[in-house]
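Q: What would the 3D arrangement of this be:
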Amino acid sequence: MRGDAAGPSLAVDYAPVREALAERSATAFVHVGTSEDVVLRYLARATELDGELAVCVTPEQSMLFAPDAPDAAREAFPGDQVLPGGASIPTGERVAVALEDLGREGTVLAPRTIPHDAALYLEGRGFEVASTPVVEDARVAKTDPERLQQRTVQAAADAAVERARAVLRESERHGGGDGHGHGGGRGRGRSHGEAEGAGVDDGVDAVDDHLVFEGMALTTERLRREVAASLASSGVDPGVVAVGAGGDATPRSDAAIRPGEPVVIALAPRDRDGYHGRVVRTLVVDGDGGWTRRAQLAADGGVNAALAELEPGVDLAAVEREGAAELTAYGFDDPVDAFDVHGVGLDGRERPLGGDEAVPEGAVVALDGTATGPDGVVRVADLAVVTDDGAERLGTAARTLEP
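A: A predicted model of the protein is given here:
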């Protein structure tokens, strides 16, 4: 839905739905769900409304049924009118009754995800319910305002990555090691144990050689909280924040991060309207420049190769092959499984989803490369928007391994 109708937040154009109604001689489009449902979020711009909602689009008007907070719904909804859902009647039945009162009859189009009970209420009133992908199709290409929101979310994600870099840069080594301290001038050239002359009460399952931040062992959970706080301070919902380390890059909340092991930071925040960002970076404190450096070059090169292949009309399978080929060139196994391309928008993972689906101009996709080595994984992921002559990376976070 290419927004040319002005709304309070983001515009919505219901023309594609009405075109689908005309093509299939249908009387209305209906969907029922909560504000977490992407179809409702897209058509109603009702991200912050509670309770069960419904959107109904006919050839003449668009309606939002909101049992709770109708005033807030009127402020958010860019369509024609907001109707109360009614406390004593399910929302799906309320929509069916309203259509019947309007004299509508025949086929009602709905997403395949419409709740079963809502479909039964419609059928109980004599309507035939038929599935349509019209909203899913319309959401693939993003409008300029949608892309602007994703740029803003991505900027917050970039800032959170920089916060992770700062925490790792300011951390110090405690115990073990080879005597090479770490920490931006706070003991460079000596371990934390040497600098303080005493042990640290980490309160965690810490190995002899580990990182310490502000007097406590730095765990993946502590680093995750620092990253989430950065996202929240930027005014976005942290969403999915995953920080992993070690051989399988999984979170180890009770174990300290070791020097030399890759720390993978994967972020998928979203803004108040539900639009997602996506960035993944791998950082290594006091790395030896061995396989992790080669893995970083492979993952970085894979993302760049995929970005170069991305253009309107290309299928995502071809984009994935380019990224995977770069991983292969650096000697990493299972390259196809280790390179992923998918759409990002109101869902963290949405169409285009791969295979032979052609990518339209305006689509926003994540390019995610993973190289697996003997002591962990190295991952790099960025967002890119498909433009009329290629693709443009969203975000500016550096990809270097060093904090």
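
Q: show me what contacts the residue nearest to the spatial centre of the chain?
A: Averaging the C-alpha coordinates of the chain gives a centre point, and the residue nearest to it by C-alpha atoms, centre = their mean is G348 (3.2 Å). G348 is in contact with G239, V240, A268, R270, H276, R278, counting by C-beta atoms under 8 Å, 6 or more residues apart in numbering. Yep, even glycine has a C-beta here, placed from its N, CA and C like the rest.

Q: Tabulate those residues (CSV), appending pLDDT.
A: Output for the contacts of G348, formatted as CSV (pLDDT from 0 to 100):
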residue, pLDDT
G239, 88
V240, 84
A268, 96
R270, 94
H276, 96
R278, 97
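
Q: Mark which of the residues you listed are part of strands, please.
A: Among these, the residues falling in strands (DSSP state E) are G239, V240, A268, R270.

Q: what residues are up against the first one?
A: Shown here is G239, whose contacts under the criterion C-beta under 8 Å, 6+ apart are L231, L267, A268, P269, R270, H276, G348.

Q: and stretch 42-49, how far from the chain's centre?
A: For stretch 42-49, the gap between its own C-alpha mean and the chain's C-alpha mean amounts to 18 Å (C-alpha atoms, centre = their mean, to the nearest Å).

Q: Straight-line length of that stretch, end to end?
A: Across its full length, stretch 42-49 reaches 13 Å between end residues, using C-alpha to C-alpha, to the nearest Å.

Q: Stretch 284-293 now?
A: Here the two ends of stretch 284-293 are set 10 Å apart, with distance taken as C-alpha to C-alpha.

Q: one step back: could you pick out the buried ones from the ones in strands among the contacts of G348?
A: Neighbour-count burial (16 or more other C-beta atoms under 10 Å) applied to the ones in strands among the contacts of G348 gives G239, A268, R270.

Q: Extract the C-alpha set from stretch 212-223 and format it as PDB.
A: The C-alpha trace of stretch 212-223 is given here as PDB (Å, rounded to 0.1, in the frame of the first residue of the first chain):
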ATOM      1  CA  VAL A 212      36.400  -7.400  33.800                       C
ATOM      2  CA  PHE A 213      34.200  -4.300  33.400                       C
ATOM      3  CA  GLU A 214      33.700  -1.800  36.200                       C
ATOM      4  CA  GLY A 215      35.000  -4.200  38.800                       C
ATOM      5  CA  MET A 216      32.900  -7.200  37.800                       C
ATOM      6  CA  ALA A 217      33.400 -10.000  35.300                       C
ATOM      7  CA  LEU A 218      32.000  -9.100  32.000                       C
ATOM      8  CA  THR A 219      29.400 -11.800  30.900                       C
ATOM      9  CA  THR A 220      27.400 -11.900  27.800                       C
ATOM     10  CA  GLU A 221      24.300 -11.000  29.900                       C
ATOM     11  CA  ARG A 222      26.000  -7.900  31.300                       C
ATOM     12  CA  LEU A 223      27.000  -6.900  27.700                       C
END
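
Q: Strands of the stretch 251-400 of the chain, start to end?
A: Assigned by DSSP state E, counting those that start in this stretch, the strands in the stretch 251-400 of the chain fall at 263-270, 279-283, 339-343, 364-373, 376-387, 390-394.

Q: what is the rounded mean pLDDT of the second one?
A: If you average the pLDDT over strand 279-283, you get 97.

Q: how big is the angle separating that strand from strand 263-270?
A: 160 degrees (axes from the mean of the first three to the mean of the last three C-alpha atoms, to 10 degrees).

Q: what does the longest one give?
A: With the same axes, to 10 degrees as the basis, strand 376-387 and strand 263-270 are set at 30 degrees to each other.

Q: which residue ranges form the strands in the stretch 1-150 of the chain?
A: Secondary structure of the stretch 1-150 of the chain by DSSP E, counting those that start in this stretch: the strands cover 28-33, 53-57, 62-65, 81-83, 107-110, 128-131.

Q: Please tabulate those strands in a markdown table, including the columns mean neighbour count, mean pLDDT and distance to A73.
A: Listed next are the strands of the stretch 1-150 of the chain as a markdown table, based on neighbours: other C-beta atoms under 10 Å; pLDDT from 0 to 100; distance: least, C-beta to C-beta, whole Å:
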| stretch | mean neighbour count | mean pLDDT | distance to A73 |
| --- | --- | --- | --- |
| strand 28-33 | 26 | 96 | 14 |
| strand 53-57 | 26 | 95 | 8 |
| strand 62-65 | 24 | 94 | 6 |
| strand 81-83 | 17 | 90 | 5 |
| strand 107-110 | 23 | 98 | 20 |
| strand 128-131 | 13 | 98 | 24 |
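
Q: could you dump those strands to TSV with distance to A317?
A: Shown next, in TSV, are those (distance: least, C-beta to C-beta, whole Å):
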stretch	distance to A317
strand 28-33	31
strand 53-57	34
strand 62-65	37
strand 81-83	43
strand 107-110	30
strand 128-131	26
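
Q: so which of those gets nearest D101?
A: When these are compared for distance to D101 using C-beta to C-beta, the nearest one is strand 81-83, at 10.8 Å.

Q: Would you enumerate the residues in contact with V241?
A: A160, R224, V227, A228, L231, A266, L267, A268, P269.

Q: Not counting residues beside it along the chain, what's closest to it?
A: The shortest distance from V241 to any residue other than its chain neighbours is 4.9 Å, reached at A228 (C-beta to C-beta, 6 or more residues apart in numbering).
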